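Peer 1: Next comes the sequence, and after it the predicted model I'd like to discuss.
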Amino acid sequence: QVQLVESGGGLVQTGGSLRLACTASSAAFSRYAMAWFRQAPGKEREFVAAISRTASSTVYADSVKGRFTISRDNAKNTVHLQMNSLKPEDTAVYSCAARLLFDSDYDRPSKYNTWGQGTQVTVSS
């Protein structure tokens, strides 16, 4: 089982960009489909984006489509989330997650068995 560590969060103004990284501890990283979720204060955890093991497939929440891009580098055991045109409503703790399957349950947090600790993203208006 891999361990995940996120980085890259911070404070940015509306319209700005951030690039999050999630690095895995194991070379088994390439066996896992990966996803990003976010959770704002007082709200439920929300799906953001997911990517298959070989990066052949990606999916996005409607709220971030066209602004965010998920990618991965299996040689570096890393998945990225490039976030552009950020809005105040994007403010949340962003967490990466891993699971062995990439299927129709990609947006369900309960289907992921490995999580990072999260990184705070704050977008000021």
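Peer 2: Structure's in. What do you need?
Peer 1: Which parts of the protein are strands?
Peer 2: 4-7, 10-13, 18-24, 33-39, 46-51, 58-60, 68-73, 78-83, 92-99, 114-115, 119-124 (DSSP state E).
Peer 1: For residue 106, find the nearest of those strands.
Peer 2: strand 46-51 (4.2 Å; C-beta to C-beta). Glycine gets a C-beta too; all of them are placed from N, C-alpha and C.
Peer 1: if we can go back for a sec, among the strands of the chain, which comes closest to residue 105?
Peer 2: strand 92-99 (8.3 Å).
Peer 1: my guess is residue 24 meets residue 77, correct?
Peer 2: Yes - using C-beta atoms under 8 Å, residue 24 makes contact with residue 77 at a distance of 4.3 Å.
Peer 1: shared neighbours, the two?
Peer 2: Shared contacts of residue 24 and residue 77, defined by C-beta atoms under 8 Å, 6 or more residues apart in numbering, comprise residue 2.
Peer 1: These two: who's more crowded?
Peer 2: More neighbours surround residue 24 than the other of residue 24 and residue 77, with 24 against 19 (other C-beta atoms under 10 Å).
Peer 1: Against residue 125, how distant is the residue most central in space within the chain?
Peer 2: Nearest to the mean C-alpha position of the chain, counting by C-alpha atoms, centre = their mean, stands residue 36 at 2.2 Å. Here residue 36 is placed at a distance of 23 Å from residue 125 (C-beta to C-beta, to the nearest Å).
Peer 1: chain center to stretch 58-66: distance?
Peer 2: 11 Å (C-alpha atoms, centre = their mean, to the nearest Å).
Peer 1: should've said stretch 118-125
Peer 2: The chain centre lies 14 Å from the centre of stretch 118-125; the measure is C-alpha atoms, centre = their mean.
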